[in-house]
Structure formats: C-alpha cells, structure tokens
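Participant: Build me a model from this:
(2 chains)
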Amino acid sequence: MQLSNLISGKNELAEEVWVALRECIPVVLGVVPFGITCGIMGLTAKMSGVETILMSVFVFAGASQFIGITMLGTGITGWGIIILTTLLVNLRHLIMGSSLAPYMIRLPFPLQALLAFFLTDEAYALTISRIHKAKYSVLYQLTVSTMLYLVWVLSTVAGVVLGGYISDPLTWGLDFAMPATFLVLLIPRLADRISLIVFGMAAVVSVIAALYLPGKWYIIIACLIASLIGGLLEGDSEHA
Amino acid sequence: MRSEVFYIIIGMALVTYFTRIGALALFRFTGVPTWLNRWLKYVPVAILTALIVPSLLLPKGYLDISLNNHYLIAGIVAAFVAYKSRNIIATLGIGMSIMFVLKLI
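Facilitator: Numbers count the residues shown, from 1 in each chain, chains lettered A, B, ... in the order given. Model prediction:
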C-alpha cells in the first residue's frame, strides 16, 4: 500500500516534470535566437567572450543585457548609469514576483531565493498558466526555470563561438516563436468580460507607451494600469 | 577580464536579483494583502498582452500596421489558430511557417 502510494507519488512528480519540459520547448526555442544575438552583440561591443558569457550566467535578463552591452559598446563604462538602467528595465519582475508571491511564500526560503534568481518573463508566463490550468507546482516552475537558464547561457556561448560566421539571427524571424507561444497562454484567459477589458486596455496602453517611452517601461505601465482597472471592476461586480 | 566590466556585471546581477526577490521578501511574513491580491488577479492577462501586442505591432521599434509587417500577419493567424486549437505546437508550427513563407515572397 505504502509502496504503491510512493510509486504513484513518484509518477506524479515525473509527470509534472514531463509536462513542464513539453510545455517549455516552444518558449525555449524562442530564447535561442536572443541568446545567440546576445553573444554576437558582446563581441561587436568589444567585450571578451568570457565577459559576455559571465553576464548571461550572473544577470540572466535578456533585455537589460542587450542594453548594458550596447552601453559598454558605445564607451559608457560608468557603472552607475548601466546599473540604474538595468534596475529600471527589470522593475517589471517586482510585479511578476508579487503575482506569484501568494503561491511561493509557502515554500522554504532557500527555494524561494533560488526560484527568484530564475524569474524571467518566460518562466513567469509558463508558471502562471500552469496555475490557471491545474495548480501551482514548484517542480514545474523549477523545471521550466532551469531549462530557460541553461538554454540562455548555452545559446550565449553559441553566439560567442559562432560570432563571426553568422549574421544577426533575429532577422530570420525566429523571435516570432515567443509572442506566438504567449498567445496560446493568453487566449484561454480571455473568457470573461473583465479579462477582455484588461486585454484591450493593456494592448492600447502598451502600444502607446512603447512609442513614447524608452526601454521596457511600456510593460510596467500597461500592466499596472490594465490590472488595476481589472481589480477595480472585479471589486464593483462583487459589491453589486 | 577587465575589472570594471566585472563590477558592472556583478552590479547588474544584484539589482536584477533585487527585482526578482523583492516582492517575495516583502510579503514573506505578512502574506499578500487582500486589496493587492485583487489587483494582481489580472496581472497575467495584462503582462502577456503587453509582451505580445507591441512585439507584433512594433517589431522594429516603430508602429507598423501594414501588409509588410510579417509579425502582425503571422500574429493574427497564430491568434486564430491558438483560439481554435489551444495547442502550442499547432500555433507555433503554422505561425512560424507563415513567417518563413512571408520572408521568401
């Protein structure tokens, strides 16, 4: 009896890892061209291969690495401005962290600290969709997070090694894999009136903000405004 | 390895980690307050939208609503496939194929 419980428990865990691996493949494929581009950019910015790779190992944040590398390439070596920009570009993770906090604060703190290091747009999108479909699973989050990290570092290495031989991989259109995957995660959520309003608000605000604001501010602004409106509408319908 | 680049990388890593652990550290002892929970309910929809829509409408950094914007056309088809199939492989396969064909013609 105990043994069979143990075995079925193990099967469940293996199943969770398997689902995580299967679901993260498209997203991971979408990361590869960005990692390769990151490696190539590092070289064109006159960074050494080791410097470029270590940045991916320690920072693990695509957009801010692109910006940091570009700044280093244009001769900006003041650490203040690069680090401040990195902070601003990554502020959106605070919102994602808050969104996952209700599930993650129950975990032992070392595990929270580890998972936090891996918290990227992609890991967040996959984990929150898993919660929506089934329930929160730490094994799922850990699996997709490690996969994304390994592929990010390895594709940066590939970019550094291949550097001179290939042109910018983002011109191939492979980066389309990311929005296409996110669409599959988004569309099942647009099932009620408030979600549709939030979608519309986020679409309009993010496009306008992307036109007029630098960096990744459009994500933060659109997310804050649209989700606040969603929360307020939700509150109203509860009281009515 | 130049030391000033090393310090910049470490600095970037620290502030990035701060943004990722910040919310967890803050709510660790208090739990997430109810009003914030209600606000956070729509964060996934808002963030996913903010990640997708600008990458389709402004793939090169400027607004491009035309037939020349391959990302937009492939995105609309992919959205339709995603709606009908709810399947990542189908959506990605058809979306990427359209991107590829559009590049060729």
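Participant: Could you break chain A into its assigned domains?
Facilitator: Domain ranges of chain A: A:2-169, A:190-240, per automatic domain parsing.
Participant: Return the distance of the longest one from the chain's centre.
Facilitator: Taking CA atoms, centre = their mean, to the nearest Å, the mean C-alpha location of domain A:2-169 is offset from the chain mean by 6 Å.
Participant: and if you look at the last one?
Facilitator: Averaging C-alpha positions (CA atoms, centre = their mean) puts domain A:190-240 19 Å from its chain's average.
Participant: what about that domain and chain B, touching?
Facilitator: Yes: Domain A:190-240 reaches chain B (CB under 8 Å from any CB of the partner chain) through A:190, A:194-195, A:198-199, A:201-203, A:205-207, A:210-211, A:218-219, A:222-223, A:226-231, A:234-235. All C-beta spots, glycine's among them, are computed from the backbone N, C-alpha and C.
Participant: Not counting sequence-adjacent ones, nearest residue to the spatially most central residue of chain A?
Facilitator: Nearest to the geometric centre of chain A sits residue A:121, at 1.7 Å (CA atoms, centre = their mean). Nearest residue to residue A:121, sequence neighbours excluded (CB to CB, 6 or more residues apart in numbering or on different chains): residue B:51, at 6.2 Å.
Participant: Can you get me a residue count around the one you found?
Facilitator: By other CB atoms under 10 Å in any protein chain shown, the residues close to residue B:51 number 26.
Participant: same thing with the one 10 residues further on?
Facilitator: Here the number of neighbours of residue B:61 (other CB under 10 Å) works out to 9.
Participant: Helix or strand: which one has it?
Facilitator: Using DSSP states H and E, residue B:61 sits in no helix or strand.
Participant: State the phi and psi torsions of it.
Facilitator: phi 100, psi -10 (degrees, to the nearest 10).
Participant: Kindly report the same for the one 5 residues further on.
Facilitator: Backbone torsions for residue B:66, taken as degrees, to the nearest 10, come to phi -160, psi 170.
Participant: Just give the nearest non-adjacent residue to it, would you?
Facilitator: Spatial nearest neighbour of residue B:66, excluding adjacent residues (CB to CB, 6+ apart): residue B:72 at 7.9 Å.
Participant: Report the contact partners of the one you found.
Facilitator: Residues near residue B:72 by CB atoms under 8 Å, 6 or more residues apart in numbering or on different chains: B:56-57, B:59, B:64-66.
Participant: likewise residue A:109?
Facilitator: By CB under 8 Å, 6+ apart, the contact list for residue A:109 reads residue B:28.
Participant: Please report how far residue B:72 lies from residue A:30.
Facilitator: Applying CB to CB, to the nearest Å, the value for residue B:72 to residue A:30 is 17 Å.
Participant: try residue A:46
Facilitator: According to CB to CB, residue A:46 stands 28 Å off from residue A:30.
Participant: Next: residue A:64.
Facilitator: 18 Å.
Participant: So between these two, which is more surrounded?
Facilitator: More crowded of residue A:64 and residue A:30, by other CB under 10 Å: residue A:64, with 25 against 22.
Participant: Hmm, that one is touching residue A:84, no?
Facilitator: No: contact between residue A:64 and residue A:84 fails when scored by CB atoms under 8 Å: they sit 10.8 Å apart.
Participant: Only alpha carbons, please: show the host helix or strand of residue B:37 as PDB.
Facilitator: Per DSSP H and E: residue B:37 is located in helix B:34-40. These are the backbone C-alpha positions of helix B:34-40, laid out as PDB (Å, rounded to 0.1, in the frame of the first residue of the first chain):
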ATOM      1  CA  THR B  34      -6.300  41.300   0.000                       C
ATOM      2  CA  TRP B  35      -6.500  44.500  -1.900                       C
ATOM      3  CA  LEU B  36      -3.300  43.700  -3.700                       C
ATOM      4  CA  ASN B  37      -4.500  40.200  -4.400                       C
ATOM      5  CA  ARG B  38      -7.500  41.500  -6.200                       C
ATOM      6  CA  TRP B  39      -5.300  43.900  -8.200                       C
ATOM      7  CA  LEU B  40      -2.900  41.000  -9.000                       C
END
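Participant: Show me what that helix is packed against.
Facilitator: Using 3 or more CB pairs under 8 Å, 6 or more residues apart in numbering or on different chains; DSSP states H and E as the contact test, the elements touching helix B:34-40 are helix A:92-104, helix A:217-239.
Participant: Let's have those in a markdown table, adding mean neighbour count and mean pLDDT.
Facilitator: Below are the helices and strands packed on helix B:34-40 laid out as a markdown table (neighbours: other CB atoms under 10 Å in any protein chain shown; pLDDT from 0 to 100):
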| stretch | mean neighbour count | mean pLDDT |
| --- | --- | --- |
| helix A:92-104 | 22 | 92 |
| helix A:217-239 | 19 | 85 |
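Participant: all helices in chain A, in order from the N-terminus.
Facilitator: A:2-44, A:49-58, A:62-73, A:79-90, A:92-104, A:109-117, A:121-133, A:138-162, A:177-186, A:193-212, A:217-239 (DSSP state H).
Participant: Out of the ones you listed, which is the most enclosed?
Facilitator: helix A:177-186 (a mean of 25; mean count of other CB atoms under 10 Å in any protein chain shown).
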